[in-house]
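A.B. asks: okay, predicted coordinates and the sequence, questions at the end:
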Amino acid sequence: MAHQTLIYIPDELLIELSQWTPDLNEQSNIIAEALRNFFATHKKSSDDLDKINAFADELNQEAEDVLDYQVMP
């Protein structure tokens, strides 16, 4: 299902988009694909952060162990 929405984009992007295709439906498809790519690439970093946070206590303990081992008596 698609919804109609109003967005504002810079003139230079609209000109470039119109050069790719004058068809408004195709322009919508290009914008939708660009958003899908944006969300897909930015989602990975939050997934990595979630993984780090899930193991934060264990990772912090390992770091403390290493630092304790390196301290000279």
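C.D. replies: Received, thanks.

A.B. asks: can you count the residues close to residue 60?
C.D. replies: Using other C-beta atoms under 10 Å, residue 60 is surrounded by 10 other residues. The C-beta positions use only the backbone N, C-alpha and C, and glycine is treated the same way.

A.B. asks: distance from the chain centre to the helix or strand hosting it, please.
C.D. replies: Using DSSP states H and E, residue 60 sits in helix 56-70. With C-alpha atoms, centre = their mean, to the nearest Å as the basis, helix 56-70 stands 30 Å off its chain's centre.

A.B. asks: can you give me the buried ones in it?
C.D. replies: Buried residues in helix 56-70, counting neighbours by 16 or more other C-beta atoms under 10 Å, are absent.

A.B. asks: use 41 as the first number from now on
C.D. replies: Sure, I'll start numbering at 41, so the last one becomes helix 96-110.

A.B. asks: quick one: average pLDDT of it?
C.D. replies: The average pLDDT within helix 96-110 is 87.

A.B. asks: give the other helices and strands that that helix contacts.
C.D. replies: Contacting helix 96-110 under the criterion 3 or more C-beta pairs under 8 Å, 6 or more residues apart in numbering; DSSP states H and E is no other helix or strand.

A.B. asks: what comes into contact with that helix?
C.D. replies: In this structure, residues lying in contact with helix 96-110 by C-beta atoms under 8 Å, 6 or more residues apart in numbering are residue 92.

A.B. asks: need the CA coordinates for that helix. PDB is fine.
C.D. replies: Included here for helix 96-110 are C-alpha records, laid out as PDB according to Å, rounded to 0.1, in the frame of the first residue of the first chain:
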ATOM      1  CA  ALA A  96      28.600  -4.500  28.000                       C
ATOM      2  CA  ASP A  97      29.000  -6.000  31.600                       C
ATOM      3  CA  GLU A  98      31.100  -8.900  30.300                       C
ATOM      4  CA  LEU A  99      33.200  -6.700  28.100                       C
ATOM      5  CA  ASN A 100      33.800  -4.200  30.900                       C
ATOM      6  CA  GLN A 101      34.900  -7.000  33.200                       C
ATOM      7  CA  GLU A 102      37.300  -8.400  30.600                       C
ATOM      8  CA  ALA A 103      38.800  -4.900  30.200                       C
ATOM      9  CA  GLU A 104      39.200  -4.500  34.000                       C
ATOM     10  CA  ASP A 105      40.900  -8.000  34.200                       C
ATOM     11  CA  VAL A 106      43.400  -7.000  31.500                       C
ATOM     12  CA  LEU A 107      44.200  -3.700  33.200                       C
ATOM     13  CA  ASP A 108      44.600  -5.400  36.600                       C
ATOM     14  CA  TYR A 109      47.000  -8.000  35.000                       C
ATOM     15  CA  GLN A 110      49.100  -5.200  33.600                       C
END
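
A.B. asks: perfect, that will be all.
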